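A.B. asks: Quick one: sequence and predicted model below, then my questions.
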Amino acid sequence: MKRLICIFSLLAVSAVAVAQLSVTNLRTAGLVSPSGIDPSAPLKVSWILETSKQNTVQEAYELTLKSGSSTVWKSGKVISDNSILVPVGAALKPCTAYTWTVKAWDNNGQVSKPVSASFSTGVAEDGWMAQWIGISWDDPKSTHSPVYFRKSVAPRKAVRRAVAYVTSHGIYEFTLNGRKVGQDYLTPGWTSYHNTLQYQAYDVTASLQKGHNEIGALVSPGWYASGLGWGNPAKRLRYGTDLALFFQLDIEYTDGKHELVYSDGSWEMSLTGPVQAATIYDGETVDPSAPFSWQPAGVLPGVFSEKLVASVSEPVRERTKVRPVKCFVTPKGETVIDFGQNLVGWETLRIKGQKGQVVTVKHGEVLDKEGNFFDATLRQAKALSTYVLTGGDDFFEPRHTFYGFRYIKVEGLESFDPDAFEAVAVDSGFETIGSFNTSNELINKLQSNIFWGFRGNFVDIPTDCPQRDERLGWTGDAEVFFRTATFNGKVDNFFRKWLRTLSEDQYEDGGVPAVVPDIFFGTHGGFAAGWADCATIIPWQHYMAYGDLEVLRSQYPSMKAWVDYQLAHCNNYLLNTLRQPYGDWLFWSVDNDTSGKSAVTSKNLIAQSFMAASVETVANTAALLGLADDARFYAGELAKVKDAYLKEYVTPNGLVSSDTQTAYVLALYFNLLPQELCQQAADRLAENIKQYNYHITTGFLGTPRICQVLTEYGYTDVAYRLLLQDTCPSWIYPVKMGATTIWERWNSILPDGSIMNGGMNSFNHYSYGAIGDWLYRYAVGIRETEPGYKSFVVDPHPGGGFKFMEASTMTPYGKISVKWEADGDVIRSLNVSIPVGTTADVFCPDGEVRTLGSGNYGFGVELED
């Protein structure tokens, strides 16, 4: 029998622990000290409390808002335990710097020291004086060269504050006196350009000189005008035919007066310069010796339709630098550098050569079977950096494109030091908040692959892949991976931005594009089950992860429109009238099935399953928002949708049509079966897995959910066998084949080293990495039970021969961490950290469930004969 031998606070064994209450992690509109937030949006702030005292909750807080030395607003002492998304009751002025301060009280009589954070507001909607300047091409399919802009400015007196507000049609880089301003890349980011266009704010007070200053900007095509989409490059799609700058500098003098410097006909522009070409797919060409050809900037006529909006998410930033691990010559004679990690970003090069010498750098993810450089997976994307040397000491860094690569092929240099090259990994600059580690190094490598694929595909939007002529915001990929993403990174603002774009690009009839932003402009997708359902699934999961009800409120019209679209296309509540394009995408199909048993799941069954999930989510959202009539209506519709599912797809004995892993997974995950049929459906699922010799056969839609379903129905041992399977198809097979990110296909590389289907085969495609969600939430056992992890469970599921597992994630209330050690499937010790202001139901090793408040706890058991 098991006997509990200890339950103790880890604090009790620490002689240096301090119980003082402190306030940390201040966030303004979800961001750290943001510049240029929307002055018209209600301001909300958040903070985290920390103390080593157990069972601590916030009892009250006090907020103060200041502009300079003037107090704008004070809340007084507010009795509340809420510390996330707390409203500030003051109207904000545009183009103003603010500081807010918080002080907190807890239930132990402790009072924190006041802590402050700064932010600034952006431009009011009617506060713009800037004009669009640049050039427009008549041929919408022509390749646009980057455009340079400049303007001289000399402050007339002492400057108190100077802030530049910048955006563009294309990607811009803003310089002042020849130096790049800020650490952001690929600005202004990618939105639904026909609807909204973000601008950024830069405080340049310290950089503005007393005398002459030169404002500079380079605008390249970017997502706006590069041409996007796969296939014939001549048929790539563009938002516009212009490259243009929109700029406004607000100089505030010490006497309180303001001067605006803005883009207009007084600026100059050049259609030539060092950056000679730069597009998203094809790469960048740089010749530092290329001359400028300055001319008056053209003011673009007409009124553009997009609305200028302040940035709401973190910009793209450098994440890390990676040094080469190997330089070699391939059997074909190619000079190749291996960085040892598939990543997203670009290379840098420090070199001295002959003037006019041309160096090219080609990017690729893998080598072929013979060890040669391989780039067929790029399809029509050139992914090429071209550098023209000056004859002096050159430094090259392409910053108006990005590549997905592990290997680079270098041409044009007879000899060089490999350390002259360095890889720069970039992604949206949100915080990394999660960690995961186990006693199994293959699983640790799997987690590393999940993480690198996640960061590399979150470059301003959630892309499917970062390297070929695609790199689009596929909705299905984002839907299946969202919850794994929330554990590893603070992606609340990242997805707030993307969901807004989804709403803007949603079709008038309620259909949802297959990619967001919708570069196909309403001609691709609209009704793809599992893809379009991101419109309902992600907002709800966002609410559960972050506790932000406003995301549900703002997305509700979109959620409702998608569900109404599906219901309108039903035939007696069966969604079988739409030709589903994707189904369980990239399942283990009959063409490569080694068991003689097809793994093809009916697309109509999948559509019915996801429709039920979306209808239920809308019903729950309506109830939460107080929309009682909607809640009742959609609850009634849900019952009819489920009834139609049972009649069409389930036999009286519980056989689900298609009889595949995915069919049973969706039936159980979405609660589509009556209670009496659930366990036998799980039994059939387990038997199906056994028939495939414990291999997974699901595609994008079944994979994220399969291990959760197995665990919830008593088959954790089968879940672990799937996890640890190391022959294809499995999660560990790519790891053992040398993968450093998640592959698009289960068999992207075959056992003999040959590469599968070079035309659609990405080696950085995060969807199958959604197994991370089961590892964190079920294997380690951290699952939220209230929005924002206000309450959660710690319910570990050991197995698979693991000696230990540990994971942590930073929730809106603070850091949760869990570590268990086990012999077989018996937990011997369990350590848990619970943040201030939260409670956890901890499934202890002795079998008891204990509800605990904040603190650090340890549990252990020993076996007694």
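C.D. replies: Right, received. Where do you want to start? Residues are numbered from 1 along each chain as shown.
A.B. asks: How far does stretch 34-48 sit from its chain's centre?
C.D. replies: Offset of stretch 34-48 from its chain centre (Cα atoms, centre = their mean, to the nearest Å): 21 Å.
A.B. asks: Endpoint to endpoint, it covers what distance?
C.D. replies: Counting by Cα to Cα, to the nearest Å, you get 18 Å between the two ends of stretch 34-48.
A.B. asks: what does stretch 232-241 give?
C.D. replies: This stretch, stretch 232-241, spans 19 Å end to end (Cα to Cα).
A.B. asks: repeat for stretch 180-199
C.D. replies: This stretch, stretch 180-199, spans 17 Å end to end (Cα to Cα).
A.B. asks: which ones are touching the nearest residue to Ile433 once chain neighbours are set aside?
C.D. replies: Leaving aside its chain neighbours, Ile433 sits nearest to Met810 (3.8 Å; criterion: Cβ to Cβ, 6 or more residues apart in numbering). Every C-beta, even on glycine, is put in place using the N, C-alpha and C of the backbone. Contacts for Met810 (Cβ atoms under 8 Å, 6 or more residues apart in numbering) come out as Asn25, Glu431, Ile433, Gly434, Lys490.
A.B. asks: hmm, which of these are the buried ones?
C.D. replies: Among the contacts of Met810, those scoring as buried are Asn25, Ile433, Gly434, Lys490 (criterion: 16 or more other Cβ atoms under 10 Å).
A.B. asks: longest strand in this protein, by residue count?
C.D. replies: strand 335-352 (DSSP state E).
A.B. asks: Pull out the buried positions in that strand.
C.D. replies: Buried residues in strand 335-352, counted by 16+ other Cβ under 10 Å: 335-337, 339, 341-349, 351.
A.B. asks: now, the most widely separated pair of these?
C.D. replies: Distances among those were taken as Cβ to Cβ; the most separated pair is Asn342 and Ile351, at 24.5 Å.
A.B. asks: thinking again about what came up before, so which of the buried residues of strand 335-352 is the closest to Val361?
C.D. replies: The nearest one, if we look at the buried residues of strand 335-352 relative to Val361 and count by Cβ to Cβ, is Glu347, at 6.0 Å.
A.B. asks: isn't that closest one right up against Ile408?
C.D. replies: Yes - contact criterion Cβ atoms under 8 Å: Glu347 and Ile408 qualify, at 5.9 Å.
A.B. asks: so what sits against both of those two?
C.D. replies: Val361, Phe421.
A.B. asks: circling back: which pair in the contacts of Met810 spans the largest distance?
C.D. replies: Farthest-apart pair in those is Asn25 and Gly434; separation 15.2 Å (Cβ to Cβ).
A.B. asks: Three-state assignment for the residue nearest to Ile433, please.
C.D. replies: Three-state call for Met810 (DSSP: H, G, I helix; E, B strand; the rest coil): strand.
A.B. asks: which strand residues sit across from it in the sheet?
C.D. replies: Beta-bridge pairing for Met810 (DSSP bridges): Lys815.
A.B. asks: Return the per-residue confidence for it.
C.D. replies: With respect to pLDDT, Met810 scores 98.
A.B. asks: Check the gap between it and Val818 for me.
C.D. replies: To Val818, Met810 is 14 Å away according to Cβ to Cβ, to the nearest Å.
A.B. asks: give me every residue that touches the residue nearest the centre of the chain.
C.D. replies: Residue closest to the average C-alpha location in the chain (Cα atoms, centre = their mean): Phe458, at 4.3 Å. Phe458 is in contact with Asp427, Ser428, Phe430, Ala485, Gly489, Val491, Phe494, counting by Cβ under 8 Å, 6+ apart.
A.B. asks: let's go with 7 Å and repeat that
C.D. replies: By Cβ atoms under 7 Å, 6 or more residues apart in numbering, the residues touching Phe458 are Asp427, Ser428, Phe494.
A.B. asks: now, among those residues, which is nearest to Leu208?
C.D. replies: Proximity of those to Leu208 (Cβ to Cβ) peaks at Ser428, which lies at 28.7 Å.
A.B. asks: quick one: secondary structure of Arg406?
C.D. replies: At Arg406, secondary structure determined by three-state DSSP is strand.
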